[in-house]
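*Asks:* Output the structure for:
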Amino acid sequence: MKKAYFTGLWLSLLLIPGLTIGGPPSYTGHNVDLDPGIQVIDNPNGSALVSGYFKLFNNQAPSDVLYPADFTVKVDGNPVQATIVRPPKPKAMADVVFCMDISGSMSDEIRAVKTHTQAFVNKLTSQHFDVRLGLITFGQQPRPFLRQRNNGHFYATEQDFINEVSGLNVSGGTEEWFDCLVQASQYPYRYGAERITLLITDENGNPKQYNINSAMPVVKNNASKVYGISNGRLSNVVQAVTQTNGQLYNIRDPFESILDSIANSIINTYSVSLLTHVGPGEHWLHVTPSANEPGGEDKEPFKIGANPVISLSQVTQDMINQGVILGTSPLNIEASVTDPDGGSIQTVNISWLDPAAIPTTNAMSTGGANLYNYTYGGTLNVNDCFAFAIQAIDNEGRNTSVPANQGNAPGGQWRICAEDPTPVIGTITPDTYDYQQPVSVSAQINDVPSGPASLAVTLKYRETGEVLWGNMPMSESGGLFTATIPDLVAGFKGLDVEVVAQDISNNVSTKGHTLAVNTVPVSIIDVTRHTDTLDTGPFAIHAIVAGLDTTSAGQVDLVYTINGGTATTLPMTQAVTGANASLSSQTNLYIERIPTVNLGEKVCYFVQASNPTANTQSQEHCFETLQPAAPLSITPTSAIMAVGDNALEFMAAGGYGTYGWNTLNGSLSTTLADKTLYTPTLAGSDKLSVQDLK
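*Replies:* The predicted structure follows:
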């Protein structure tokens, strides 16, 4: 429910007929009084950020007992999700511009402002407000009668403001405070800050570019609230205060009390903010105490699609999000600025603060196609930042300042900070290595701006699967860093390496890499060969194997079959013959036994050896276990023959039936394994013999 109310120290005016100020109307329950000035930031995507301020009353008395959940917020009568902050706020901003008359009658007020401003700021900051002060003076001589002090931007500190006020001298000129209110509403305000104009004058105003009727729409569009400190009930001052829901004070009352009252008014205010997608046009913001709906509701209009839209270029966004390299100069700030309702952009300013901590405002240059830019020529060193905000004003006087979300820095600015980037580690080589050979590891590493020679680089290494790391420094040449891992570490498991680079600012980069061992041939040099035997075992098998690593899953197996049946595999044991016998790469002897078999069985066997990267096996060998046999015999046992006689047949018997025949002088012609034909070739005695080949 809207109330026309004025508070302040009006005791002296109450005694003057015709100057009594009416209080709030009589009503019951909790009621909202929403300020007319609704802040709107039009986003490039068509959405809008909307924020405003309201006071809460309970049966006409100011109150702050309700919590955010106790209110309903609507846009055009439809409930929306919004953020309400109850006073005292945990974090808030107040941008306060003094519109100050310095004509000849105002010397006492100038001294009062100088004397009591610090206490005014202290009270606000004690309640978590970030306060900025600006100053516009009017009524001075010589021309211009109206002047924006500090080049039209907020002072860095309240002391800078006080020093400026201390140097003011009263003079005489026209009181163009209508223009002052417009210019104050066009200061580079922060989105979400309470926008306050303190009008201090003893005159009803002189029109120049604006009069009261043309000035107030601009002031309200820019959500500026006017607090009037004036001499008497000046009609134009009253109208400025009334239309913005401000408060009116008597200029003859103590300034300390006036500023304290204004501070309390700023502090004891609820804030409401929301993001809406309702689209262009005029809309209504409603705030209602839930327990007194609709009687306690108040609403105010706001317009979407009428304010300048500011959109940073991608390059500028990247600088904000990622920082810039030390020593970068210049910085080019780029933004697109448009007026969505078809108007024209009149002014685009950048307000910035560099490492020298000197707040500065500059006009941005137009680059055509709605593009604006500003080039900062300073140099950012380590931990230096360039903080800035951008303000645009259109032909209707509408004022937009971004960032709209307090940016990435306190105080509602974006920051571009100089970074000393971490070193950049390129590809680590090699990908493979030779077993138990020294491994040279290399990595190309760069560091901006110091260069690779300033880096301290360490190579960490270990066999894959191990816990503990070894480490060694890497040497640099032309940005290539190298180190060599000892051969004893280069086993069959693979290698894990990490390159760790640290620059002069103690920025550290780490990059890992895994190396696989190249194929290493394992060879079986010799294996015991068993022949047919009357023995039944067990049979010892020895194998000489080279290139095996038993510490990395390398192994040697004996594989055998009996009578062609299922193969049996037995791990062979390395025969360690001394304390210093090698367990890895040297040639070693392995042993195992084939268990006892039955007589008459055929045993075949081979040895296989495997590393993680290669395997091999020996030739298969076979033998039989023989049954006992009859003694060998030859029939006939003797014969008398002459040279030239026909061949005589001899027959073998006994043994295992596999015969080999021999003679000293004669000629043999074997037709069957157990028979042979003998022909004498020399006179004299001869000997014929047979052998069982098994």
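
*Asks:* CA only for contacts and neighbour counts going forward, please
*Replies:* Fine.

*Asks:* For Lys303, report the pLDDT, please.
*Replies:* Note on Lys303: pLDDT of 94.

*Asks:* For it, which non-adjacent residue is closest in space?
*Replies:* Leaving aside its sequence neighbours, Lys303 sits nearest to Glu282 (C-alpha to C-alpha, 6 or more residues apart in numbering; 4.3 Å).

*Asks:* From Ile229, how far out is that neighbour?
*Replies:* The gap separating Glu282 from Ile229 is 33 Å, by C-alpha to C-alpha, to the nearest Å.

*Asks:* and those two? which has more neighbours close in?
*Replies:* Ile229 (27 against 13; other C-alpha atoms under 10 Å).

*Asks:* List of residues touching the strand or helix carrying that one?
*Replies:* According to DSSP states H and E, Ile229 maps onto strand 225-230. Strand 225-230 is contacted by residues 37, 195-203, 219, 237-238, 240-241, 244-251, 262 when judged by C-alpha atoms under 8 Å, 6 or more residues apart in numbering.

*Asks:* Kindly recompute the last result at 7 Å.
*Replies:* By C-alpha atoms under 7 Å, 6 or more residues apart in numbering, the residues outside strand 225-230 that reach it are 195-202, 237, 240-241, 244-251.

*Asks:* quick revisit: residues contacting the residue nearest to Lys303?
*Replies:* Neighbours of Glu282 in contact, by C-alpha under 7 Å, 6+ apart: 301-304.

*Asks:* By neighbour count, which of those residues wins?
*Replies:* Ile304 (24 neighbours).

*Asks:* And the pLDDT for the closest residue to that residue other than its chain neighbours?
*Replies:* The shortest distance from Ile304 to any non-neighbouring residue, by C-alpha to C-alpha, 6+ apart, is to Pro280 (4.6 Å). Reported pLDDT at Pro280 in the predicted model: 94.

*Asks:* what's the neighbour count on Lys493?
*Replies:* 21.

*Asks:* what packs against the helix or strand that contains Ile591?
*Replies:* Element membership of Ile591 [criterion: DSSP H and E] is strand 588-594. Judged by 3 or more C-alpha pairs under 7 Å, 6 or more residues apart in numbering; DSSP states H and E, strand 588-594 is in contact with strand 539-546, strand 573-574.

*Asks:* which of those sits most buried?
*Replies:* strand 539-546 (a mean of 19; mean count of other C-alpha atoms under 10 Å).

*Asks:* How far off centre is that strand?
*Replies:* Offset of strand 539-546 from its chain centre (C-alpha atoms, centre = their mean, to the nearest Å): 60 Å.

*Asks:* just checking, next helix/strand downstream of it?
*Replies:* Following strand 539-546 in sequence order, the next helix or strand is strand 555-562 (DSSP H and E).

*Asks:* Report the strands that pair with that following strand, each with its relative direction.
*Replies:* According to DSSP bridges, strand 555-562 forms sheet pairs with strand 568-571 (antiparallel), strand 602-610 (antiparallel).

*Asks:* can you map out the helices along the stretch 201-350 of the chain?
*Replies:* 212-221, 235-244, 255-267, 314-322 (DSSP state H, counting those that start in this stretch).

*Asks:* on that earlier part again, please dump the strands paired with strand 555-562 into CSV; it should also carry mean pLDDT and distance to Phe54 for every row.
*Replies:* As requested, the strands paired with strand 555-562 are arranged in CSV below (pLDDT from 0 to 100; distance: least, C-alpha to C-alpha, whole Å):
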stretch, mean pLDDT, distance to Phe54
strand 568-571, 95, 88
strand 602-610, 95, 83
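
*Asks:* Can you check which of those strands gets nearest to Phe129?
*Replies:* strand 602-610 (76.3 Å; C-alpha to C-alpha).

*Asks:* contact partners of that closest one?
*Replies:* In contact with strand 602-610 (C-alpha under 7 Å, 6+ apart) are residues 522, 554-563, 615-625.

*Asks:* Please name every helix or strand in contact with whatever helix or strand Asp496 lives in.
*Replies:* Counting by DSSP H and E, the element that carries Asp496 is strand 495-502. Contact here means 3+ C-alpha pairs under 7 Å, 6+ apart; on that basis strand 495-502 packs against strand 456-463, strand 508-517.

*Asks:* Out of the helices and strands in this protein, which is least certain?
*Replies:* The helix or strand of the chain with the poorest confidence is strand 667-672; it has a mean of 76 (mean pLDDT, DSSP states H and E).

*Asks:* Now the element after that one, going C-ward?
*Replies:* Strand 667-672 is succeeded, C-terminally, by strand 675-679 (DSSP H and E).

*Asks:* State the mean pLDDT of the strand holding Ile229.
*Replies:* Mean pLDDT, computed over strand 225-230, is 95.

*Asks:* same deal with stretch 614-632?
*Replies:* 88.

*Asks:* Name the residues that touch it?
*Replies:* Counting by C-alpha under 7 Å, 6+ apart, 519-524, 529-536, 599-610, 653-656 sit against stretch 614-632.

*Asks:* Could you do stretch 526-545 as well?
*Replies:* Residues contacting stretch 526-545 (C-alpha under 7 Å, 6+ apart): 523-525, 587-599, 621, 623-627, 694.

*Asks:* cool, and stretch 433-446?
*Replies:* With C-alpha under 7 Å, 6+ apart, stretch 433-446 has contacts from 423-430, 452, 479-488, 490-492, 515-518, 520.

*Asks:* at 8 Å instead, please
*Replies:* For stretch 433-446, contacts defined as C-alpha under 8 Å, 6+ apart pick out 423-430, 452, 479-492, 499, 515-520.

*Asks:* from the residues you listed, which would you call buried?
*Replies:* Buried residues within the contacts of stretch 433-446, defined by neighbour count using 16 or more other C-alpha atoms under 10 Å: 423-425, 428, 452, 479-483, 485, 489-492, 499, 515-517, 519-520.

*Asks:* Can you give me the domain boundaries for this protein?
*Replies:* Structural domains assigned to the chain are 13-87+272-304, 92-267, 309-419, 424-517, 523-624, 633-692, following automatic domain parsing.

*Asks:* Which of the ones you listed has the highest mean neighbour count?
*Replies:* domain 92-267 (a mean of 20).

*Asks:* how long is it from one end to the other?
*Replies:* Terminal-residue distance, domain 92-267 (C-alpha to C-alpha): 9 Å.

*Asks:* residues contacting Pro421?
*Replies:* With contact taken as C-alpha under 8 Å, 6+ apart, Pro421 is in contact with 325, 447-448, 507.

*Asks:* got it, and Val522?
*Replies:* Contacts of Val522 by C-alpha under 8 Å, 6+ apart are 545-548, 609-611, 614-616.
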